[in-house]
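Peer 1: attaching a predicted model along with its sequence, questions to come.
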Number of protein chains: 2
Amino acid sequence: MTIQLHCFGESGNAYKAALALELSGLDWAPVFVDFFNGATRGADYRRDVNVMGEAPVMVDGDLKITQSGVIQMYVTEKTGKFGGSTPEEAREVMRWMFWDNHKLSSQAGMTRFLMNFLPEDKRPAEVIGFMQGRLKAAYQVLDNHLDGRDWIVGAGLTNADLSCCGYLYYPEPFGFDRAQWPNIDRWLDRLSATPGWKAPYDLMPGSPADRA
Amino acid sequence: MTIQLHCFGESGNAYKAALALELSGLDWAPVFVDFFNGATRGADYRRDVNVMGEAPVMVDGDLKITQSGVIQMYVTEKTGKFGGSTPEEAREVMRWMFWDNHKLSSQAGMTRFLMNFLPEDKRPAEVIGFMQGRLKAAYQVLDNHLDGRDWIVGAGLTNADLSCCGYLYYPEPFGFDRAQWPNIDRWLDRLSATPGWKAPYDLMPGSPADRA
């Protein structure tokens, strides 16, 4: 049975789950969530699909899972891929997934939203500047860690990479300039050279940005 | 051997790990990190202790783990406690831990820091107001979920509860008023009635707030 991922192209959190599904070789298909017309904000969605009011939501038969990190863990459970090759690596993978959810993707996603998807006269300049400062500290942590490493954990691609890259391939500006972070830049090149890799709007079609 | 947790009382993220260790019955002791005098920001700390420049850091013999969520998972691995009682519950526990790291504790911790631990003339009013709006949405999600439930997942205390409560017992104001969220309020009462429960500054002594 084909796994369904309720998602939309603009969501870097959805991208993490979609990319894990795609590169794992599992049979899956995206189901477009019309986020920008309020699909995740209605009472029906919160009651029937996700109390958190968020995408992505993965459906595999009777099983429904939300939170990109948990979907990534499920892909590992089903395929043995991306979870690290030892218990120590498995913990290290989780460590970077939590860090990403706390410090990187959460703040990158919000900043990109404020800078690109709000009307120009509604963009809160002080918030955007503040978040960009916080993000700079996060890029620095990741760039330092990638110094001398090909991948975030161990010798190959893991959920740590698939989580941390969530917002870093998007074309919309949010203050992230790859050229400023040489180790991140090389790591993103390495990741996107993985056979089967696709950019967010190619992996999750149907969004306004995709139709533009 | 006694597990050491490098932590400080003001950190709700450290509190999650400390409370899991305490309630699990494991032999542990807090090691005070002098965060407010820059202990986590130095090059030494980043090189030798934690590249992420954060507390808490748990040391168990040769094993060093950071990120509160991963420390909580380690407590479950060692004791069988707080991880949920079925594979479905285990996923649900992880789901709320990721949600908390992404939407609740991350934003509560930052807002509380800006409102209480920065000099008054350095507090960014627009950022604080914006974050309080985001947090209100998060409290609403949790309050809705707790309607008719004693615990976030299943029939007992899990890491989901220990994660989401991380910042909610602190006395410093950050826009969270328990009385506005009746289901959260009752759940916090239930959690703090657990035998062995302690408030953050009691569990992690030595902080400025503790000495005040």
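Peer 2: The structure has been received and is ready for your questions.
Peer 1: excluding chain neighbours, give the residue nearest to residue A:25 in space.
Peer 2: residue A:79 (7.0 Å; CB to CB, 6 or more residues apart in numbering or on different chains). For glycine as for every other residue, the C-beta is placed from the backbone atoms N, C-alpha and C.
Peer 1: wait, that neighbour sits on residue A:26?
Peer 2: Yes - with contacts counted by CB atoms under 8 Å, residue A:79 reaches residue A:26, the gap being 6.5 Å.
Peer 1: hmm, back to that, what's the neighbour count on the residue nearest to residue A:25?
Peer 2: Look at residue A:79: counted by other CB atoms under 10 Å in any protein chain shown, it has 15 neighbours.
Peer 1: cool, and residue A:158?
Peer 2: 26.
Peer 1: sorry, back to before: next up, the contacts around the residue nearest to residue A:25.
Peer 2: A:24-26 (CB atoms under 8 Å, 6 or more residues apart in numbering or on different chains).
Peer 1: out of those residues, list just those in helices.
Peer 2: residue A:24 (DSSP state H).
Peer 1: please list only the buried members of the contacts of residue A:79.
Peer 2: Buried subset of the contacts of residue A:79 (neighbour count, 16 or more other CB atoms under 10 Å in any protein chain shown): A:24, A:26.
Peer 1: okay if I get the contacts of residue A:79 as a markdown table plus pLDDT?
Peer 2: Output for the contacts of residue A:79, formatted as a markdown table (pLDDT from 0 to 100):
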| residue | pLDDT |
| --- | --- |
| A:24 | 98 |
| A:25 | 98 |
| A:26 | 98 |
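Peer 1: so who does the most centrally placed residue in chain A touch?
Peer 2: In chain A, the residue lying closest to the centroid (CA atoms, centre = their mean) is residue A:166, at 2.9 Å. By CB under 8 Å, 6+ apart, the contact list for residue A:166 reads A:12-13, A:15-16, A:68, A:100, A:104-105, A:108-109.
Peer 1: out of those, who's the most crowded?
Peer 2: residue A:68 (34 neighbours).
Peer 1: which pLDDT value belongs to that residue?
Peer 2: pLDDT recorded at residue A:68 is 98.
Peer 1: does it touch residue A:17 like I think?
Peer 2: Yes - applying CB under 8 Å as the test, residue A:68 and residue A:17 come out as touching, 4.6 Å apart.
Peer 1: intersection of neighbour lists for those two?
Peer 2: residue A:56.
Peer 1: what does the residue nearest to residue A:50 when sequence neighbours are not counted show for phi and psi?
Peer 2: Residue nearest to residue A:50 in three dimensions, not counting chain neighbours: residue A:66, with 4.9 Å by CB to CB, 6+ apart. Main-chain dihedrals, residue A:66, degrees, to the nearest 10: phi -120, psi 170.
Peer 1: OK, contacts around residue A:66?
Peer 2: So residue A:66 contacts A:50, A:52, A:54, A:56-58, B:95 (CB under 8 Å, 6+ apart).
Peer 1: go on, residue A:184?
Peer 2: So residue A:184 contacts A:139, A:142-143, A:146, A:168, A:178 (CB under 8 Å, 6+ apart).
Peer 1: of those residues, just say which sits nearest to residue A:86.
Peer 2: For these, the residue nearest residue A:86 by CB to CB is residue A:146; the value is 20.2 Å.
Peer 1: now that closest one, nearest residue through space, not along the chain?
Peer 2: residue A:183 is the one closest to residue A:146 (CB to CB, 6+ apart), at 3.8 Å.
Peer 1: for the one you found, the count of nearby residues, please.
Peer 2: 16.
Peer 1: so which strand or helix has it?
Peer 2: Assigned by DSSP states H and E, residue A:183 falls within helix A:182-192.
Peer 1: quick one, helices of chain A?
Peer 2: A:12-24, A:43-44, A:68-79, A:87-99, A:105-116, A:125-146, A:159-164, A:182-192, A:200-203, A:208-211.
Peer 1: most packed of the ones you listed?
Peer 2: helix A:159-164 (a mean of 28; mean count of other CB atoms under 10 Å in any protein chain shown).
Peer 1: picking up where we left off before, residue B:38 is nearest to which of the helices of chain A?
Peer 2: Among the helices of chain A, helix A:125-146 sits nearest to residue B:38 (CB to CB), with 14.3 Å.
Peer 1: just the CA atoms of that closest one, as PDB, please.
Peer 2: In PDB, the C-alpha atoms belonging to helix A:125-146 read as follows (Å, rounded to 0.1, in the frame of the first residue of the first chain):
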ATOM      1  CA  ALA A 125      11.200  44.000  11.100                       C
ATOM      2  CA  GLU A 126      12.400  43.700  14.700                       C
ATOM      3  CA  VAL A 127      11.300  40.000  14.900                       C
ATOM      4  CA  ILE A 128      13.000  39.200  11.600                       C
ATOM      5  CA  GLY A 129      16.300  40.900  12.600                       C
ATOM      6  CA  PHE A 130      16.200  39.100  16.000                       C
ATOM      7  CA  MET A 131      15.600  35.700  14.500                       C
ATOM      8  CA  GLN A 132      18.300  36.200  11.900                       C
ATOM      9  CA  GLY A 133      20.800  36.800  14.700                       C
ATOM     10  CA  ARG A 134      19.700  33.600  16.400                       C
ATOM     11  CA  LEU A 135      19.900  31.700  13.200                       C
ATOM     12  CA  LYS A 136      23.400  33.000  12.500                       C
ATOM     13  CA  ALA A 137      24.500  31.300  15.800                       C
ATOM     14  CA  ALA A 138      22.800  28.100  14.700                       C
ATOM     15  CA  TYR A 139      24.500  28.200  11.200                       C
ATOM     16  CA  GLN A 140      27.800  28.700  13.100                       C
ATOM     17  CA  VAL A 141      27.300  25.600  15.300                       C
ATOM     18  CA  LEU A 142      26.500  23.500  12.200                       C
ATOM     19  CA  ASP A 143      29.300  24.900  10.200                       C
ATOM     20  CA  ASN A 144      31.800  24.200  13.000                       C
ATOM     21  CA  HIS A 145      30.500  20.700  13.400                       C
ATOM     22  CA  LEU A 146      30.800  19.900   9.700                       C
END
